[in-house]
Every structure is written in C-alpha cells, then in structure tokens.
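> got a sequence here, can you build the structure:
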Amino acid sequence: MELRQLRYFQAVVKAGSLSAAALTLHVSQPPLSVAISKLEAELGVELLIRTPRGVEPTTAGGYLLDASSRLLDDVDDIVATLGRFRDGLEGAITMAAVPVLTWHRVPQLLRRHSRSHPGVEVRLTFPTPWVAIDMLRQRRVDVAAVMVSNHQAFAARHRGVLDIMDWGPVPLVAVLPPEFSSAPDPLPISEFQGSTLVMPPRMAAAPSLPETVDAYLQEHGVVPATYRYVETIQGGLPLVESGVARAILPDPDRKSLSRFNVVVRELDPVPEPLRALVLTRHGVEVDPALQSLLHQMSKLRSG
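Here you go, the predicted structure:
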C-alpha cells in the first residue's frame, strides 16, 4: 500500500467518480482505475461500489477513507516540519556564552531571533572562555561567544580549527562600590593606585581581561595594593558591591553592568577594549537553524 494509492483513493471518493478524480489529479483515467484495482487486490477487500452514476465507498472503503485521512495528514505535517528544519525555522541550538555577554547582548539576540524563528530553541550554557572553546571542539555546543584581548593572535592560533566572527569591541570600565557615586567620569586610572583590585584567573588558551588590565596598569605606572582573585568576573562583583574591592571590567554595549549595585565610570586614559568573538567549528556544514542565529548575531555586532 503506497501513499500515492491512498491519495488516489481519497480523490476518487471525494470526486464521486474516476473521471472527475482523474481531472483533479491531472492523470488519465485508465492508470487511476488500475491503481485503485491494485489497492483492492493488495488489501483483499472491495473498497468502492461502481455504479453508472459513479462510485461510493463500501463499509471497508469508508474505514480506509477515515484512517488514510489521518495518516496522510500526519505525513503532510512531517513533510512540512522537515521543510522548516531545512529552512532553519525549526530545530535546537546549544550556545556557550561567557556570562558577561549574557547580561545584555545575548538576551537582545534571543529576543530578536525568537521573533523571526520561534520554532528554534536556543539552549544556553555559561562556561569560562577556555571551557567554551573545549566544549565547541568536543561538539558539546554548536556555537560559543567569548571575549579575548588579542583577537588577531587568537584567530591565527585557531585558524583551521575554528571559524571566527568578530562580534565587536567590548570596552573596559572602572567598577566601584556604591558609595563612590560622586566619583568623576571619566575616572583617572591613578585612582586605582594602592587599591584592592578584583581579578579573574589568567588563561593561556584565550588571553583576555587579566592580561589586558595588567598591561594597562603597567603602562600608566599604577600599582594596586593587592589583588582579590576570583574564579569568574561575576564572582568578583559582590566584592565590589560590598566595598571590599574595585575592578576594571568589560561592559558589553555599555549596558551589561547596570544591573549590579555598583558605580560604573569611563576610564582616563581609555584602555584597549576586549573583543567579542563568535566561534563555530571549522569545516563543518552549518545547520540551517544555526545559520539563522549566526546571521542575527552578525546584525547585532557592536562597534
């Protein structure tokens, strides 16, 4: 029993005659009659009562009409859904993003993408940059969004392994406890002399914030009294909020740190920004759903 035979059978019953069905199906009547006769022979039951006025379904034919309608509707739904996968309108994507980017940039991305691709589920995970890169290589995620200090060197190091999209500069700003609300803007870098400074760990796989801050302080002769090392940037913010320390942190789109109880100031002189990068595996055919997300990310690029 073939789907084509069932569609022919439905057309004949709905049209009330073989000749009328043949016109609807754009086939000649003899092949249509043969197809119906073959279906009856294969099933071993009469499906149509043939009269001079046309055809009517037998009891068995009525059952087949109802059952095949449900089956063909399911088939049509399957074909339509697969077409949505083909067009990038259906599917699931796993995205690794460093937390700083998820405080403003990624929510904006998801808001825009969900409007045009509501059938695509984007699953988020929030690892450190070097873990995100490992997850991407191990195919545990489809795309990663990270920040690095020297994006040219990073691109040269990972050429042939990763495809890299520049997602724009990420400015570095002074982040102070809430009692510093009267601090000048911009804030002279000399204000960090002798302070306690929050610092995340260094990472050889993807030099980022610590290396940039170190170079910036050394360039201007500023020496903090001590460092408070934290596992992640977000782990250091409570120390700043409590007044225990200060920080120089990335502020994507200059909107990501506004959710915290801290004072944010521009720095004078302006430090070299970090760079946000979007990473995918090199040489892998991009899934249509992922391609649509990457296209939306390119439109949201800052700077």
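
> now do the strands in the stretch 101-250 of the chain.
Residue ranges of the strands in the stretch 101-250 of the chain, as given by DSSP state E, counting those that start in this stretch, are 120-125, 143-148, 162-170, 172-176, 187-188, 196-199, 226-229, 247-250.

> partners of the shortest one in the sheet?
Partner strands for strand 187-188, per DSSP bridges, with pairing direction: strand 267-268 (parallel).

> residue 148 pairs with what?
Here residue 148 sits in beta bridges with residue 275, going by DSSP bridges.

> run a quick neighbour tally on it.
Residue 148 has 25 neighbours, counted by other C-beta atoms under 10 Å. Backbone N, C-alpha and C define where each C-beta goes, glycine included.

> pLDDT wise, what is it at?
Per-residue confidence at residue 148 stands at 92 (pLDDT).

> that one and residue 169, how far apart?
Separation of residue 148 from residue 169 (C-beta to C-beta, to the nearest Å) stands at 11 Å.

> which residues do the two both contact?
274-275 (C-beta atoms under 8 Å, 6 or more residues apart in numbering).

> looking at the strands of the stretch 101-250 of the chain, which is closest to residue 60?
Nearest of those to residue 60, taken as C-beta to C-beta: strand 120-125 at 43.4 Å.

> in its sheet, what does that closest one sit against?
Each strand that strand 120-125 pairs with, and the sense of that pairing, follows from DSSP bridges: strand 91-97 (parallel).

> just the mean pLDDT for the strand it pairs with, thanks.
With pLDDT averaged residue by residue, strand 91-97 scores 90.

> can I get that strand as PDB, trimmed to CA atoms?
C-alpha atoms of strand 91-97 as PDB (Å, rounded to 0.1, in the frame of the first residue of the first chain):
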ATOM      1  CA  GLY A  91      15.500  22.900  15.500                       C
ATOM      2  CA  ALA A  92      17.700  23.300  18.600                       C
ATOM      3  CA  ILE A  93      21.000  25.100  19.100                       C
ATOM      4  CA  THR A  94      23.300  24.900  22.100                       C
ATOM      5  CA  MET A  95      25.200  28.000  22.700                       C
ATOM      6  CA  ALA A  96      28.100  28.600  25.200                       C
ATOM      7  CA  ALA A  97      28.500  32.200  26.200                       C
END
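
> buried set for that strand?
Of all the residues in strand 91-97, those buried under the rule 16 or more other C-beta atoms under 10 Å are 91, 93-97.

> can you give me the angle it makes with strand 143-148?
Strand 91-97 and strand 143-148 are oriented at 20 degrees to each other (axes from the mean of the first three to the mean of the last three C-alpha atoms, to 10 degrees).
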